[in-house]
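Student: Okay, here's the prediction I keep looking at, along with the sequence it came from:
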2 protein chains.
Amino acid sequence: MQLILHQTMQTIGDFETIFKDLEKAFTTNSKGPTLHLFPELYLTGYPLQDLCLQRPFIDRYLSLIEKIDAWSKKLKQAQDIGLIGGLHYEFDQNGLPLNIENVIYKLVPGQKLECLYTKRLLPNYDIFDEKKYFTSVNRPQIHTLFDKRIGVMICEDMWSSTTHNEDPTEDLIKQISQSGPVEAIINISASPFFVGKHEKRIARAKEISHLCKAPFYYVNRIGGEDEILFDGQSFAVNGDEVLDQAKRFIPQDLTVPLPIYQSSKKVESNKKDNTWESLFSPSFESGKKGKTNMRTFSEAELAEMLEGLCFGFQQYAQKCGFSKFTIALSGGIDSALVLTIARLSLGENQTIEAVYMPGLFSAGLSYDLSSELCKNLGVRLYSLPIKFFHSSIKNAFTSSFGQDMQGLADENIQSRLRGALIYARSNQIGSMVINTSNKSEIAVGYSTQYGDSVGAISMLGDLYKTEVYQLSQYINKRYNNLLPVALIERAPTAELRENQKDQDSLPPYEELDCILEGILCYRLNLEQIVELGFKREIVEKVYRLYKNSEYKRRQFCPIIKVKSKSFGFGYRVPITHKY
Amino acid sequence: MQLILHQTMQTIGDFETIFKDLEKAFTTNSKGPTLHLFPELYLTGYPLQDLCLQRPFIDRYLSLIEKIDAWSKKLKQAQDIGLIGGLHYEFDQNGLPLNIENVIYKLVPGQKLECLYTKRLLPNYDIFDEKKYFTSVNRPQIHTLFDKRIGVMICEDMWSSTTHNEDPTEDLIKQISQSGPVEAIINISASPFFVGKHEKRIARAKEISHLCKAPFYYVNRIGGEDEILFDGQSFAVNGDEVLDQAKRFIPQDLTVPLPIYQSSKKVESNKKDNTWESLFSPSFESGKKGKTNMRTFSEAELAEMLEGLCFGFQQYAQKCGFSKFTIALSGGIDSALVLTIARLSLGENQTIEAVYMPGLFSAGLSYDLSSELCKNLGVRLYSLPIKFFHSSIKNAFTSSFGQDMQGLADENIQSRLRGALIYARSNQIGSMVINTSNKSEIAVGYSTQYGDSVGAISMLGDLYKTEVYQLSQYINKRYNNLLPVALIERAPTAELRENQKDQDSLPPYEELDCILEGILCYRLNLEQIVELGFKREIVEKVYRLYKNSEYKRRQFCPIIKVKSKSFGFGYRVPITHKY
């Protein structure tokens, strides 16, 4: 017997493709008995959120199930069995969903889909809301397929921790000790990506392989669902040995053998892997003289991050049907990096352009650097000065309101004019505008709502400014200084007033980012952050800025998620509250 | 013994006020033994979302608990007992929250707070995410206070239905039959408002009063938490008799007696009250010739809606610290109604202004009607034409991009210019911009992102266009034609191109709104909507428009919620998916 890990990529609700890919797997000639593994919720896509409650979606899904059953009846591949993630609905007398289970269906040619197992641990923290939609049911964990006893799990089931009251892994070990050995453990997953997560999966899989004394098979989906990425990286391990491993962010069918487990290594079950604490600990490291710094990413991690950003951006763009992209270049590092990453990700038939919109306070250097960057990237740069619009609006304000436009109003109107103009250009050619904000700015509200914060998708919204620099330097090393060095070395400025510098309003980014990470991981109070080596008044100022900018984040676009704790779907706090 | 229902209004996390109000209740002279009832989560506010996981919030909350305990020790009001909603935390060895319970604390002067009861039914549908944060625990439901046996519940506990696996009301009835009668049933709530909800609460309370053979006391909080309103309307019933009832949207201490239950009426437990179906059924009624129409609200319901909108708007404004407001008037019904409601809600020291920004395609009538409205309301109207900015941007586009600005780009730039300008004005005087979109527009994406869709809070985002008309007519009846009649009777238009009318792109609003309601309630598929009397191609077009505008809704501001199913926090679907 062999196994095929179908690391699939489908759009949520694209039932036609979902059917075709299933069909293809079962009609390709396989060599002897083959167990096909498809990811968690393969038949629907994930995460569905309220879609799984909406009648039009449910109806289309039920049609797929009928279609599969009808097709299976005629199938003659007697040597193939499929284990496929899907939803199992139970309706009330009015046809409304009463219970929805996240299940493994068994597909045996000639027979209807059979519900084999229901996910027991429903993650319900951060981006996960599974208890909102799904019901957990205890069904047998060990099944006999091709005369082999096989233990099954769905995603979170392998990650029991203090956040759950049950432990399917321990239950499985107990059953094995009572009813005899199994020959394989299978986990079908839809496991969201963040940098460094794959190593945790492999480590835990090896542990379970040892504990259950059987090889462990893990199949994960591929996809970018708005902000959430699924990286695949499906694998099989046997004890400490990695039998094989699929690539990240690429659909792939990985054929893997079924060896016998032979190790005599003893391991103890480690419940610390997926605790709340391990998931959302701040990303710090101790620097010189005991000072706390943001963790420096390794080159491998930066490569992973870059791939994730390219993939996430492309998924969103393609699913939204865009092949043209427009970016507003300011002459600063953020927009330059966004343009560079988007350019690196570009496929055939896709085009990208940059627009530089200088105002009264834009330095000549901003244009020169933007121009140099665009030359390096082979991107056309348009120039659309806003000075004239800015001054005519100022005049009109004086005459309409009898009051001169000054201060914040005068700063923000420049940014909002740019927002309106970049979207006019986007409407003119049917392109998608990519947002250029970073996580530090988003966290303290250092941006103009409807101005520089506009965009369909945020490329860097999960990267602090210091991480923007890390990634820029990595790209320059890997791609021979694509980004002008002077651009990286320049002091950050919004150029909305004379001689403005970010550091006039904000603490140095090295400090700001650490303080923000301390706040956003949820695990530290202000006292503890001060103890990391920061001035109390600065910590309090950052906390205040963070709290007061929630209203801006509420209207922000989806942010491609590459870290464990991000703004967006997994981050939910009230706008109005006292602190 | 008497009871006082403390229908309180506090900002989330405003622990100082929370303490003061508690102190005040216990130091006011009471006449004999008094049971003070405070709403669910009185000690923290609700809904907290991730706040209850954030260490800075937790620390401040724990300080409050310590402060209350210290204060209680010195208290000598031996005739007072408090039942107070709060959170009970259990931490792990690292001081991280392991379990959080939504509880009733008992406060007896001289003693520390005692955790009496934990909420059993944690609502987890629509806007509710309680299983994400809270753990349900079974604690005794009957307690002896002042030598009287009293049954206790928290909010949802009285609403068991098919969405829950337990039924605390039935459990209570069972206990009463086993261990003897109780003299009162108490429910402390934080129950969100929607038009018509109060009648459901009263009906269910009477039912429980009969079933448990005891008077039923219900205390609910007051507040506007971003989009969610709490209306109070605390009450006491004894069988079919309403003993007393507090006002809606106003803090109030309601003193109520403890009579003996004497009815001999027999009722059966009705589990249909709070089912998924009853909560989110579409708001239809059959019109003439079997045609389906949107339900017509009664005057009492429209009064309730108007109060809710005024209250929700004022809460948001006050909590955000704004006392000045700016509204962009277009000459259409939506912005006119928003201005009118905001004006009606205005308190002392608050000011409001309107800005009219005519473009190339604005009719003279639009100005006349805006001007008449502002005269009626006593609001200053500014005029800031955009024609010149519009044409200079068009010229600049031709020269910068070598391409004329036409079609969608030319339409949207006008709307986005208005968005930028209204925010410039808001920055100039420190005012809050109120959004003027309605639910029909939001549902089909008939608005310009960063244009007419801007704003801090949406007043009408939960009202379909036909409901906007209903409310306008109600206001005109009640307030002597505040809104110019010609404005109500005018055909809706965005005035972004020559002779543009909404009905050129959209079906008539009477049809559109019914189709949308059918879609958004989740309970109907397209076939069922067609069967209500609509053309299939129109239903499909509306569904497509709805699906394709999710990205706009994602960046929309909070919408004051006045109906059972609204866009916003309780509505979560992916932007990218196939349908």
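Tutor: Everything's here; your move.

Student: So A:S362 is in contact with A:G331, correct?
Tutor: Yes: A:S362 is within contact range of A:G331, at 7.1 Å (criterion: Cβ atoms under 8 Å). For the C-beta atoms, the positions are set from N, CA and C on the backbone; glycine is no exception.

Student: out of those two, which sits in the more crowded spot?
Tutor: When neighbours are counted by other Cβ atoms under 10 Å in any protein chain shown, A:S362 and A:G331 differ, and A:G331 comes out ahead with 24 against 21.

Student: Can you report phi and psi for that one?
Tutor: Backbone torsions of A:G331, given as degrees, to the nearest 10, read phi 100, psi 0.

Student: just checking, it touches A:F361?
Tutor: No: using Cβ under 8 Å, A:G331 is not in contact with A:F361, being 11.4 Å away.

Student: what sits in contact with each of the two?
Tutor: Between them, A:G331 and A:F361 share the neighbouring residues A:E495, with contact defined by Cβ atoms under 8 Å, 6 or more residues apart in numbering or on different chains.

Student: Could I get the pLDDT score of the residue in the stretch 101-250 of chain A that chain B sits nearest to?
Tutor: For the stretch 101-250 of chain A, the residue closest to chain B is A:K131, as judged by Cβ to the nearest Cβ, at 4.6 Å. The model reports A:K131 with a pLDDT of 95.

Student: in which helix or strand would I find it?
Tutor: Counting by DSSP states H and E, the secondary-structure element that holds A:K131 is helix A:130-133.

Student: Show me what that helix is packed up against.
Tutor: Packed against helix A:130-133 by the contact rule (3 or more Cβ pairs under 8 Å, 6 or more residues apart in numbering or on different chains; DSSP states H and E) you find helix B:130-133.

Student: Pull the number of nearby residues for the residue of the stretch 101-250 of chain A closest to chain B.
Tutor: For A:K131, the count of nearby residues is 17 (other Cβ under 10 Å).

Student: Do a quick rundown of the helices in the stretch 451-579 of chain A.
Tutor: If you assign secondary structure with DSSP state H, counting those that start in this stretch, the helices in the stretch 451-579 of chain A sit at A:465-478, A:485-489, A:502-505, A:509-520, A:526-531, A:536-548, A:550-554.

Student: Can you tell me which of these is most buried?
Tutor: Burial among these, expressed as mean neighbours by mean count of other Cβ atoms under 10 Å in any protein chain shown, is greatest for helix A:509-520, which shows a mean of 24.

Student: For that one, what does the pLDDT average out to?
Tutor: For helix A:509-520, the mean per-residue pLDDT is 95.

Student: can you give me how far that helix is from the chain middle?
Tutor: The offset between the C-alpha centroid of helix A:509-520 and the centroid of the whole chain comes to 21 Å, using Cα atoms, centre = their mean, to the nearest Å.

Student: Now tell me what touches that helix from outside.
Tutor: Applying Cβ under 8 Å, 6+ apart, the set of residues contacting helix A:509-520 from outside is A:282-284, A:292-294, A:439-440, A:443-444, A:464-467, A:492, A:502, A:506-507, A:524, A:528-529, A:532, A:534, A:538-539, A:542-543, A:546, A:565, A:571, B:56.

Student: Compute the inter-axis angle for that helix and helix A:465-478.
Tutor: For helix A:509-520 against helix A:465-478, the angle by axes from the mean of the first three to the mean of the last three Cα atoms, to 10 degrees is 120 degrees.

Student: want to throw the helices of the stretch 451-579 of chain A into CSV with distance to A:T163?
Tutor: Formatted as CSV, the helices of the stretch 451-579 of chain A follow (distance: least, Cβ to Cβ, whole Å):
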stretch, distance to A:T163
helix A:465-478, 27
helix A:485-489, 41
helix A:502-505, 38
helix A:509-520, 19
helix A:526-531, 22
helix A:536-548, 25
helix A:550-554, 25
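
Student: so which of the ones you listed comes closest to B:L75?
Tutor: Set against B:L75 and scored by Cβ to Cβ, the helices of the stretch 451-579 of chain A come closest in helix A:526-531, at 30.4 Å.
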